[in-house]
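K.L.:
need coordinates for the following:
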Amino acid sequence: MPDNSTIRIKAKKKSDFIEVKALITHPMENGLRKDQETGNLAPAHFIEEIECQLNGQVVMTAVWGGGISKNPYLAFQIKGGKVGDVVALKWTDNQGKTDEVTASVK
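P.N.:
Sure, this is the predicted structure:
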């Protein structure tokens, strides 16, 4: 994983599923909070979509909004899979920014 990635991810084989855990560094501003210094509303800046792939095939998509907290933690399970498979996680935010990271299943 590159040092400048906003995503820290782990994928581990457990019984008949893969457990994926990810921590995402993102401000997740909903656009309703006032900046304490200026008194103006902080502009909305939040993750809109998360996509997870297993070996290139989409296995999970989540649509988020401004109600998700800063630096969100995401955990889910993928049925099947094996050690050595590749899990890719990508997010896209409302400002058009994206980040993506891959991890091998341990």
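
K.L.:
who touches residue 17 in this structure?
P.N.:
77, 78, 79, 80, 81 (Cβ atoms under 8 Å, 6 or more residues apart in numbering). The way it works is simple: take the backbone N, C-alpha and C, and place the C-beta from them, glycine included.

K.L.:
out of the residues you listed, who's nearest residue 58?
P.N.:
residue 78 (11.0 Å; Cβ to Cβ).

K.L.:
can you tell me the helix or strand for the closest one?
P.N.:
Here residue 78 sits within strand 73-79, counting by DSSP states H and E.

K.L.:
what residues sit buried inside that strand?
P.N.:
Neighbour counts over strand 73-79 (16 or more other Cβ atoms under 10 Å) mark 74, 78 as buried.

K.L.:
mean confidence score for the next helix or strand after that strand?
P.N.:
Going down the chain from strand 73-79, the next helix or strand is strand 86-93, by DSSP H and E. Strand 86-93 shows a mean pLDDT of 98.

K.L.:
show me what strand 86-93 is packed up against.
P.N.:
Packing partners of strand 86-93 (3 or more Cβ pairs under 8 Å, 6 or more residues apart in numbering; DSSP states H and E): strand 7-14, strand 17-24, strand 47-54, strand 98-104.

K.L.:
a markdown table for those, including mean pLDDT and distance to residue 72?
P.N.:
Shown next, in a markdown table, are these (pLDDT from 0 to 100; distance: least, Cβ to Cβ, whole Å):
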| stretch | mean pLDDT | distance to residue 72 |
| --- | --- | --- |
| strand 7-14 | 98 | 10 |
| strand 17-24 | 98 | 5 |
| strand 47-54 | 98 | 7 |
| strand 98-104 | 98 | 13 |
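
K.L.:
right, and those - which one's nearest residue 85?
P.N.:
strand 47-54 (6.0 Å).

K.L.:
adjacent strands (with direction) for that closest one?
P.N.:
strand 57-63 (antiparallel), strand 86-93 (antiparallel) (DSSP bridges).
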